[in-house]
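In: Provided below are the primary sequence and the corresponding predicted coordinates.
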Amino acid sequence: MFLKVQLSWNVIIAPENLQPQGLMLQRAIIIRLLGDFAMKKATKDLGYFLAVTTLEKIGEGKVRQHGDVLFPVVFNAITFKIFNGEILEGVVHKVLKHGVFMRCGPIENVYLSHLKMPDYEYVPGENACFMNDKLSKIGKDVTLRFSVIGTKWMEADRDFQALVSLEGDYLGPVSTLDI
Amino acid sequence: MSGEEEENAAELKIGDEFLKAKCLMNCEVSLILEHKYEQLQQTSDDPMNQVSQVFEKSLQYVKRFSRYKNPDAVRQVREILARYQLAEFELCVLGNLCPETVEEAIAMVPSIKTRGRAQDDEAIEKMLNDLSLIKKFE
């Protein structure tokens, strides 16, 4: 789910970027904030950081030891977090013998195990895929609607992984025509 | 999360901070990100190089998974869904997945039938009809 969040961060400006003109300073603060925001990538609590939407407030700067100045900044941003039990849609990008990997929003590693797609059988070949007896196909670039059964935060990569399932009503391949 | 109850979006157990947080539908995110991207195009020759990977992947995703493209339609979808006392999270799941039948809507958002709320099948049916009308006239 995409979320709109309000964040309060401290932005640090080096002394060489501290110019007396107010506008230049504000510009330096915004550039630094956008850089920090993109660098952060994601947090366990809020999910992935997509974009800063609006700046609410830049507080009084506080001078620190080496002459750089710390500004408290309040801003709004969009994040994407995946929840257990949530129903989402994703696109298959890798087919393996034991399951498929999907992309969903900024997440690359959404894993659907063969055990969680009832009735589908693995069909090997150059374009390997999974198929059921109604000839419904789960292969590369197919869109699937699934439910989330587990999520995991990987601190080292600042990335999420998700385990998903097709067990449930109205889950499975979605025809892209009606999107 | 409060820690004691396990997270389960199907029962709307997603933690108080997220229950109150504003959620956004794919089509709303698409409008915002595309606008940001257009702004970048005006100031940079190579805008894709200026955005993070998270931004790029999300933009691709919401472009593919937006049921409504026209800004007026996007606003109307939220207005219509807002009439039905839904939680933000439920509202956005319905707007994203656009179920066609009452049964499908309940399968996608089981919590609309629980929590002792007066969401009867007739009300859900009317909501889905209103949504499909927007789609038709878009």
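Out: Nice, I can see it.
In: CA atoms for contacts and neighbours, from now on please.
Out: Will do.
In: mind listing what's buried along stretch A:127-138?
Out: By neighbour count with 16 or more other CA atoms under 10 Å in any protein chain shown, stretch A:127-138 contains the buried residues A:Ala128, A:Cys129, A:Phe130, A:Met131, A:Lys137, A:Ile138.
In: so can I have JSON lines of the residues you listed showing pLDDT?
Out: JSON lines is the format used below for the buried residues of stretch A:127-138 (pLDDT from 0 to 100):
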{"residue": "A:Ala128", "pLDDT": "96"}
{"residue": "A:Cys129", "pLDDT": "97"}
{"residue": "A:Phe130", "pLDDT": "98"}
{"residue": "A:Met131", "pLDDT": "97"}
{"residue": "A:Lys137", "pLDDT": "95"}
{"residue": "A:Ile138", "pLDDT": "97"}
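In: output the helix-or-strand element of chain A with minimal mean pLDDT as CSV, restricted to C-alpha atoms.
Out: Using mean pLDDT, DSSP states H and E, helix A:22-40 stands out as the lowest-scoring helix or strand of chain A, at a mean of 89. Taking C-alpha atoms only, helix A:22-40 is exported to CSV below (Å, rounded to 0.1, in the frame of the first residue of the first chain):
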residue,chain,number,x,y,z
GLY,A,22,18.0,33.2,2.3
LEU,A,23,16.9,31.6,-1.0
MET,A,24,20.2,30.0,-1.6
LEU,A,25,20.2,28.5,1.9
GLN,A,26,16.7,27.1,1.4
ARG,A,27,17.8,25.6,-1.9
ALA,A,28,20.8,24.0,-0.2
ILE,A,29,18.6,22.5,2.5
ILE,A,30,16.1,21.1,-0.1
ILE,A,31,18.8,19.6,-2.3
ARG,A,32,20.4,18.0,0.8
LEU,A,33,17.0,16.7,2.0
LEU,A,34,16.2,15.1,-1.4
GLY,A,35,19.6,13.5,-1.5
ASP,A,36,19.2,12.1,2.0
PHE,A,37,15.7,10.9,1.1
ALA,A,38,16.9,9.0,-2.0
MET,A,39,19.9,7.5,-0.1
LYS,A,40,17.8,6.2,2.7
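In: list the helices and strands the helix or strand just after it packs on?
Out: Using DSSP states H and E, the helix or strand that follows helix A:22-40 in sequence is strand A:42-43. Packing partners of strand A:42-43 (3 or more CA pairs under 8 Å, 6 or more residues apart in numbering or on different chains; DSSP states H and E): none among the helices and strands.
In: quick one: contacts of strand A:42-43?
Out: Contact with strand A:42-43 is made by A:Tyr48, A:Phe49, A:Arg158, A:Asp159, as judged by CA atoms under 8 Å, 6 or more residues apart in numbering or on different chains.
In: please, which helix or strand holds A:Phe160?
Out: Using DSSP H and E, A:Phe160 sits within strand A:159-165.
In: the helix or strand following that strand vs chain B: in contact?
Out: Next in sequence after strand A:159-165, counting helices and strands by DSSP H and E, comes strand A:172-173. No - Strand A:172-173 is not in contact with chain B by CA under 8 Å from any CA of the partner chain; minimum separation 12.5 Å.
In: for the record, mean pLDDT for strand A:172-173?
Out: Strand A:172-173 carries an average pLDDT of 96.
In: packing partners for that strand?
Out: Using 3+ CA pairs under 8 Å, 6+ apart, strand A:172-173 sits against strand A:143-154.
In: quick one: name the residues of chain A near chain B.
Out: Counting by CA under 8 Å from any CA, chain A sits next to chain B at A:1-5, A:38, A:41, A:48-51, A:83-89, A:104-106, A:169-170, A:179.
In: just the buried subset of these, please.
Out: A:1-5, A:38, A:41, A:48-51, A:83-89, A:104-106, A:170.
In: so where do the strands sit in chain B?
Out: B:22-24 (DSSP state E).
In: so where's chain B shaky on pLDDT?
Out: B:1-4, B:115-119 (pLDDT under 70).
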